[in-house]
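Q: Next comes the sequence, and after it the predicted model I'd like to discuss.
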Amino acid sequence: MSNLDQAEQGQPDQSDARSAVVPYSGARVRIVRLPTQVANLEVIVPYGLIAEINEVMLPEGETHLSRLDAAMVDWRAQRIPLVSLEAMLNEPLPTIGQRVRCAVLYGTNPDIALPYYAILLSGVPRSEEVTGESFSEENLGDGGIWGMTALLGDRRIAIPDVRSLELRIDEMRLRFEQESAPTP
C-alpha cells in the first residue's frame, strides 16, 4: 500500500516521515497543520498519523512541560505521553492551564512500546492537500526533531522526523515510569 493510500485510509505509515509527507511529483497527499508556537515554522504531519484531536487534563500540579519530560495524560482509558515541541526545542512554552488541546498521533516504530503519543497544540489544526511540486526542499532544521524544512507556497514548514521524535518521547516515558515506580 502506498503512502498516499495509507494517508487516505487514515493508517499510520511505517516509513520515513519525509517520504510520507513529500509525495511523488503530481501525487496529492493530505497533511495536517499542527498549530504550535514554534518560532518561524508551521508544523505539518501526514493525515494518516493523526489518531485524534482532543482536549486532555494535565495531572494535578503539572501546568508546565519541560525539554526532557513528558506529562502522562489519560486518553481513552490509557496513559500516553504529552510533549511540547516548543519545550523540546528550548523555546518559550505557551501559557497553558489544566485542560489542553493536543494531537494524538499513532506510534510508527514497532520496536518501542509507544502506540500513541500526544503533541501540545496552541490552536485548531487544519488539514489540506499538497503535491510534490508544492515543496522546495531546504536544509534540515535544528533541534534534532525535524526531518525536513521546506517552503510550501510562501510559508516555511517543518516536517518532524517521526522516528527520532518517537524515540525521544519514549525515553521521556521510560524516565517517567522509572521515577514514579515505588522503591523497594
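A: Great, that's in hand. Just so it is clear, the model here is predicted, and its values are computed rather than measured. Residues are numbered from 1 along each chain as shown.
Q: remind me which residues of this protein are low pLDDT?
A: 1-26, 61-64, 67-68, 132-143, 184 (pLDDT under 70).
Q: Where is the longest helix in it?
A: The longest helix of the chain (DSSP state H) is helix 162-180.
Q: Give me the distance between the two termini of stretch 72-87.
A: Using CA to CA, to the nearest Å, one end of stretch 72-87 lies 15 Å from the other.
Q: same deal with stretch 149-163?
A: Terminal residues of stretch 149-163 are spaced 16 Å apart (CA to CA).
Q: Can you list the buried residues in that stretch?
A: The neighbour-count check on stretch 149-163 (16 or more other CB atoms under 10 Å) flags 149-150, 152, 157-163 as buried. Quick note: C-beta positions are derived from backbone N, CA and C, even for glycine.
Q: Same list, these, but as a markdown table with distance to residue 90 please.
A: A markdown table is the format used below for the buried residues of stretch 149-163 (distance: CB to CB, whole Å):
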| residue | distance to residue 90 |
| --- | --- |
| 149 | 17 |
| 150 | 23 |
| 152 | 25 |
| 157 | 20 |
| 158 | 15 |
| 159 | 20 |
| 160 | 16 |
| 161 | 17 |
| 162 | 21 |
| 163 | 21 |
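Q: quick one: residue 53 from residue 39, how far?
A: Distance check for residue 53 against residue 39: by CB to CB, to the nearest Å, it reads 23 Å.
Q: The two: which has the busier surroundings?
A: residue 53 (15 against 9; other CB atoms under 10 Å).
Q: List of residues touching the host helix or strand of that one?
A: Counting by DSSP states H and E, the element that carries residue 53 is strand 50-57. Residues outside strand 50-57 that contact it (CB atoms under 8 Å, 6 or more residues apart in numbering) are 32, 73-75, 82, 98-106, 116, 118, 121, 124-125.
Q: Buried subset of these, written for ChimeraX?
A: Buried members of the contacts of strand 50-57, defined by 16+ other CB under 10 Å, are picked up in ChimeraX with:
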select :32,73,75,82,100,101,102,103,104,105,106,116,118,121,125
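Q: Quickly list what the residue nearest the centre of the chain is bridged to.
A: In the chain, the centroid-proximal residue (CA atoms, centre = their mean) is residue 119; its distance is 5.3 Å. With DSSP bridges applied, the residues forming beta bridges to residue 119 are residue 83, residue 103.
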